[in-house]
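*Asks:* sequence and predicted model, in that order:
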Amino acid sequence: MSKLRVRFPPSPTGNLHVGNARTALFNYLFCRHHEGTFVFRIEDTDRERSRDEYIQNEIEAMKWMGIDWDEGILIGGEHGPYKQSERMELYQTHIQKLLDTNHAYICFCSSEQIEEDREEARKNNMPPRYSGRCRGLTKDQIEDRIAKGDPYVIRFKLPEKESVEVVDLIRGTKTFPVSSLDDFIIARSDGMPTYNLAVTVDDATMEITHIVRGEDHFFGNTPRQVLLYEALGYPIPVFAHMPMILGDDKTKLSKRHGAFAITEYGNMGFLPEAFVNYMAFLGWSPKTEEEFFTMEELIQRFEIKNVNTSPAIFDYEKLKWYNAHYLRQKSNEELFSMVEQNLEEKGFLTDEKNKEFYLQAFQHMKDYLVLTTDIITNLETISTYNGILSDRLPEIQTPETQSLLPALLQQFSNVPEWTPDSVLNAIRQAGKDAKVKGKHLWMPLRIMMTNEDQGPEIYLVIYLMGKKKVLGILQELQTKI
RNA sequence: GGUCCCGUCGUAUAACGGUUAGUACACCGCCCUUUCACGGCGGCAAUAGGAGUUCGAUUCUCCUCGGGACUGCCA
């Protein structure tokens, strides 16, 4: 087999979302596994909705996931340009060729007319296909109407053959009846090519050998495109149609399900390696019980034939679990650099609470982090706490607390160096001094220091509050109990 | 209506035609930690239904049912 070439062609009509990201990932894994060439192109023939900022977002998302490309947007290549809007001449040539070879024809039917036909068909429970009304127009009729300035589109003329064959690596070879299709439009009235024409021309001229995409293309677009390849005389690529990703109500994943732009996952505190690992398992399985894979390992193990055919539901909880796992693998330094800017912005980075201070904290924090942002969230909760609320006061107005309080005060004051471990020891010692232990020690302490029943390890909370604040809170409490 | 896809615990998935149908997430217990989490142990929980082929079907075939996608001068 000659060198494999695959592509990822999003249209910049929105930010890159989960479905597209998985398509990009699988294309990438498939490509790298076979040491092929990965092409990243932009499909912006829809001038109305395409925006540059979305192109930027897609590039950013790809980089975040760790997906690089060999040819395409930003880096160019031998088969460029890689934006459809810059390839208009190519499309025109191909459209003209189809016209010249009698594989296409000019159609003057107005949108209104077509819509009426469709209505009519629907009413009669018939498939809403274009009738082929303009197929029989004579050369003179056509020239006349063009001269009159009548708007027109160009349609592909369905061949006489009965069926089209699609070779699919995931679903096997299928044949589709040509009769389920109709004379679809390949050029709009403004002269712009439509999707089916443009992708086909791009894929053919970019010499794409394998097209990996969502199942939603399988029976509609793919047969049309195969027909186009045949009419144009290009070799037909091999396809692989992946199962869809669904929301928890089993319908196509959309914003409604809380599906964010990929770049948002980063902002929300997800690690790209967790995201990629999780995504890979949406429709693919190594057929073993292993569950953690780096990108490198995925490339090595990815087999397109192991991609499932049934749709998968996006499970946010499992994504979080992967994230927590990868977060625990991070060094304290790595965690620090991930949140450093945030700490700075929030004013959590001071002379006293410096890098060293947080490095120590992260060592103890790792185990209960799910999202990177949990670090900041925890710190914020701690920093806004300013003493116990009166409704909680009765719970700690006990003889035990009364003896515990001075002991804590003393132990904390005497801590030589304020570290998570020394704080922990101080608490234990204070417990001994006051002869309080178990939940009689820890629960009141938690309530005193946070006003909550649960949260991160209390000694860590106390460490993060800093000595000064802790002593202040305890002293204040002494006057209330 | 047409075309096409899909159907194993709630979710993701595993199981040469022969397994007490496995694993992970979630959930629930217990242990560890003088809370939670982490970790350990255990539990709950699935082959949509019906025929057929077969000594034997989650696996192959057919039908039914259920779900989904597409049916644009969007991609």
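*Replies:* Cool, the structure landed. Source: prediction; values computed, not measured.

*Asks:* buried ones in the helix or strand hosting residue A:475?
*Replies:* Assigned by DSSP states H and E, residue A:475 belongs to helix A:467-480. Buried residues in helix A:467-480, defined by neighbour count with 16 or more other CB atoms under 10 Å: A:469-470, A:473-474, A:477. For the C-beta atoms, the positions are set from N, CA and C on the backbone; glycine is no exception.

*Asks:* and stretch A:6-26, by the same measure?
*Replies:* Going by neighbour count (16+ other CB under 10 Å), the buried part of stretch A:6-26 is A:6-12, A:14-26.

*Asks:* quick one, what contacts residue A:378?
*Replies:* A:365, A:455-456, A:464 (CB atoms under 8 Å, 6 or more residues apart in numbering).

*Asks:* separation between residue A:294 and RNA strand B?
*Replies:* Distance, residue A:294 to RNA strand B, using CB to the nearest atom of the strand, to the nearest Å: 17 Å.

*Asks:* isn't that residue right up against residue A:273?
*Replies:* Yes. Judged on CB atoms under 8 Å, residue A:294 makes contact with residue A:273 at a distance of 6.7 Å.

*Asks:* so for the two, which residue has more residues nearby?
*Replies:* Higher neighbour count among residue A:294 and residue A:273: residue A:273, with 19 against 13, using other CB atoms under 10 Å.

*Asks:* host element of that one?
*Replies:* helix A:272-280.

*Asks:* average pLDDT for the helix or strand just after that helix?
*Replies:* Note on helix A:272-280: by DSSP H and E, the next helix or strand toward the C-terminus is helix A:295-301. Helix A:295-301 carries an average pLDDT of 96.

*Asks:* could you do stretch A:201-214 as well?
*Replies:* Rounded mean pLDDT across stretch A:201-214 is 97.

*Asks:* tell me what the helix holding residue A:475 is packed against?
*Replies:* Contacting helix A:467-480 under the criterion 3 or more CB pairs under 8 Å, 6 or more residues apart in numbering; DSSP states H and E are the following elements: helix A:399-414, helix A:439-450.

*Asks:* and among the ones you listed, the most buried is which?
*Replies:* For those, the largest average neighbour count (mean count of other CB atoms under 10 Å) is found in helix A:439-450, namely a mean of 19.

*Asks:* which residues are contacting it?
*Replies:* In contact with helix A:439-450 (CB under 8 Å, 6+ apart) are residues A:381-382, A:385, A:388, A:392, A:395-396, A:398, A:400-401, A:404, A:408, A:427, A:431, A:452-455, A:458, A:461-462, A:465, A:470, A:473-474, A:477.

*Asks:* ok, stretch A:102-117 next?
*Replies:* A:95, A:98-99, A:128, A:130-131, A:133-135, A:137, A:142, A:145-146, A:150-157, A:159, A:183, A:185-186, A:231-232.

*Asks:* just the buried residues of these.
*Replies:* Neighbour counting by 16+ other CB under 10 Å classes A:95, A:98-99, A:130, A:134, A:137, A:142, A:145, A:152-157, A:183, A:185-186, A:231-232 among the contacts of stretch A:102-117 as buried.

*Asks:* ok, and of these, which contact RNA strand B?
*Replies:* Filtering the buried ones among the contacts of stretch A:102-117 for proximity to RNA strand B by CB under 7 Å from any atom of the strand leaves A:153, A:185.

*Asks:* sorry, back to before: most neighbours out of the contacts of residue A:378, which is it?
*Replies:* residue A:464 (25 neighbours).

*Asks:* next, it: secondary structure please.
*Replies:* Secondary structure, DSSP: H, G, I helix; E, B strand; the rest coil: residue A:464 is helix.

*Asks:* and what of residue A:128?
*Replies:* Residue A:128 - assigned by three-state DSSP - is coil.

*Asks:* that one contacts residue A:122, doesn't it?
*Replies:* Yes. Using CB under 8 Å, residue A:128 is in contact with residue A:122, at 6.0 Å.

*Asks:* quick one: furthest residue from the center of chain A?
*Replies:* Each residue of chain A has a distance to the centre, and by CA atoms, centre = their mean the biggest one is for residue A:399: 55.1 Å.

*Asks:* so what pLDDT did residue A:1 get?
*Replies:* pLDDT at residue A:1 comes out at 50.

*Asks:* can you pull out the strands in chain A?
*Replies:* A:5-8, A:37-40, A:71-72, A:104-107, A:153-156, A:163-166, A:174-177, A:185-187, A:210-214, A:238-242, A:245-246, A:312-313 (DSSP state E).

*Asks:* in CSV: the ones you listed, plus distance to residue A:375.
*Replies:* As requested, these are arranged in CSV below (distance: least, CB to CB, whole Å):
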stretch, distance to residue A:375
strand A:5-8, 33
strand A:37-40, 34
strand A:71-72, 36
strand A:104-107, 60
strand A:153-156, 56
strand A:163-166, 50
strand A:174-177, 51
strand A:185-187, 53
strand A:210-214, 36
strand A:238-242, 36
strand A:245-246, 30
strand A:312-313, 30
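
*Asks:* where does the stretch 151-300 of chain A dip in pLDDT?
*Replies:* Confidence mapping of the stretch 151-300 of chain A against pLDDT under 70 gives the ranges A:258-259.

*Asks:* quick check: residues of it near RNA strand B?
*Replies:* A:151, A:153, A:171, A:174, A:176-177, A:180, A:185, A:188-190, A:192, A:194-196, A:198-199, A:215-221, A:243-244, A:246, A:250-252, A:281-285, A:287, A:289, A:291.

*Asks:* how many residues are close by residue A:317?
*Replies:* 6.

*Asks:* what's the spacing between it and RNA strand B?
*Replies:* For residue A:317, the distance to RNA strand B (CB to the nearest atom of the strand) stands at 4 Å.

*Asks:* so how far is residue A:246 from that residue?
*Replies:* Residue A:317 sits 15 Å away from residue A:246, going by CB to CB, to the nearest Å.

*Asks:* same for the helix holding residue A:273, what does it pack against?
*Replies:* Judged by 3+ CB pairs under 8 Å, 6+ apart, the packing partners of helix A:272-280 are helix A:18-33, helix A:52-65, helix A:262-267, helix A:295-301, helix A:316-329.

*Asks:* okay, those helices in TSV with distance to residue A:108 next?
*Replies:* As requested, these are exported to TSV (distance: least, CB to CB, whole Å):
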stretch	distance to residue A:108
helix A:18-33	36
helix A:52-65	34
helix A:262-267	43
helix A:295-301	52
helix A:316-329	51
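
*Asks:* deepest-packed of those, please.
*Replies:* Sort those by mean neighbour count, taking mean count of other CB under 10 Å, and helix A:18-33 sits at the top with a mean of 23.

*Asks:* per-residue confidence averaged over that one?
*Replies:* The pLDDT scores in helix A:18-33 average 96.

*Asks:* with only the CA atoms kept, save it in PDB.
*Replies:* Taking Å, rounded to 0.1, in the frame of the first residue of the first chain, the C-alpha atoms of helix A:18-33 are listed here in PDB:
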ATOM      1  CA  VAL A  18     -16.500  17.000  21.300                       C
ATOM      2  CA  GLY A  19     -17.800  15.100  18.200                       C
ATOM      3  CA  ASN A  20     -15.300  16.800  16.000                       C
ATOM      4  CA  ALA A  21     -12.500  16.400  18.500                       C
ATOM      5  CA  ARG A  22     -13.000  12.700  18.500                       C
ATOM      6  CA  THR A  23     -13.000  12.600  14.700                       C
ATOM      7  CA  ALA A  24      -9.800  14.500  14.700                       C
ATOM      8  CA  LEU A  25      -8.300  12.200  17.300                       C
ATOM      9  CA  PHE A  26      -9.200   9.000  15.600                       C
ATOM     10  CA  ASN A  27      -8.000  10.300  12.300                       C
ATOM     11  CA  TYR A  28      -4.700  11.200  14.000                       C
ATOM     12  CA  LEU A  29      -4.300   7.900  15.800                       C
ATOM     13  CA  PHE A  30      -5.100   6.000  12.600                       C
ATOM     14  CA  CYS A  31      -2.700   8.100  10.600                       C
ATOM     15  CA  ARG A  32       0.200   8.000  13.000                       C
ATOM     16  CA  HIS A  33      -0.300   4.300  13.600                       C
END
